[in-house]
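Asker: Just the structure for this:
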Amino acid sequence: MTIKGSCHCGAVAFEIDGEIPAQLTRCTCSFCAKRGAVTAAFAPEQFRLVPPPSGDSAYRWQTRQVAHHFCPLCGCATYSDSPAFQTDGSWDGHTRRVTVNARLFNDFDAATAAVTVIDGKHLW
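Answerer: Coordinates of the predicted model:
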């Protein structure tokens with residue numbers, strides 16, 4: 001299956017090779033709590049921008065290991081590229097993941113999906 005989605009204005013569009021996970025994720029860290037996204041995680045090779053946008057905007061903080069991408073035109077939070085942290089905060093030092101704002105998936109209502117909460121407020 002291919003999941004398709006985009007930001008509000010359509011400037012950042014993406015495709016994901018895979019299925020929408022049964023459980024989405026909400027993180028409670030200071031950034032994610034303010035951002036308000038519920039996310040679905042994928043391996044980087046599953047995710048692609050179509051077409052790649054001419055400009056890219058990303059926010060990085062603290063360790064700068066996580067790039068929180070957003071549309072430079074409409075401001076929608078789109079996806080994050082990060083280390084594949086485990087729920088205890090550990091990381092193997094090389095595996096990465098892309099977490100995509102599931103609210104942007106076409107023909108999908110993220111508000112009705114099951115959500116797991118990660119205590120990012122205390123982990124990172």
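
Asker: neighbouring contacts of the longest helix along the chain?
Answerer: Longest helix in the chain, counting residues (DSSP state H): helix 30-35. Contact partners of helix 30-35, identified using Cβ atoms under 8 Å, 6 or more residues apart in numbering, comprise 26-27, 59, 61, 68, 77, 120-121. Every C-beta, even on glycine, is put in place using the N, C-alpha and C of the backbone.

Asker: Toward the C-terminus, what is the element adjacent to it?
Answerer: Downstream of helix 30-35, the first helix or strand assigned by DSSP states H and E is strand 39-42.

Asker: Now do the contacts for residue 27.
Answerer: By Cβ under 8 Å, 6+ apart, the contact list for residue 27 reads 33, 39, 117-118, 120.

Asker: let's go with 6 Å and repeat that
Answerer: 118, 120 (Cβ atoms under 6 Å, 6 or more residues apart in numbering).

Asker: What does it show for phi and psi?
Answerer: Backbone torsions of residue 27, given as degrees, to the nearest 10, read phi -100, psi 140.

Asker: Then residue 43?
Answerer: For residue 43, the backbone dihedrals (degrees, to the nearest 10) come out as phi -70, psi 140.

Asker: Same question for residue 79.
Answerer: Main-chain dihedrals, residue 79, degrees, to the nearest 10: phi -160, psi 170.

Asker: Quick check: chain neighbours aside, which residue is closest to it?
Answerer: Of all residues not flanking residue 79 in the chain, residue 100 sits nearest, at 4.5 Å (Cβ to Cβ, 6 or more residues apart in numbering).
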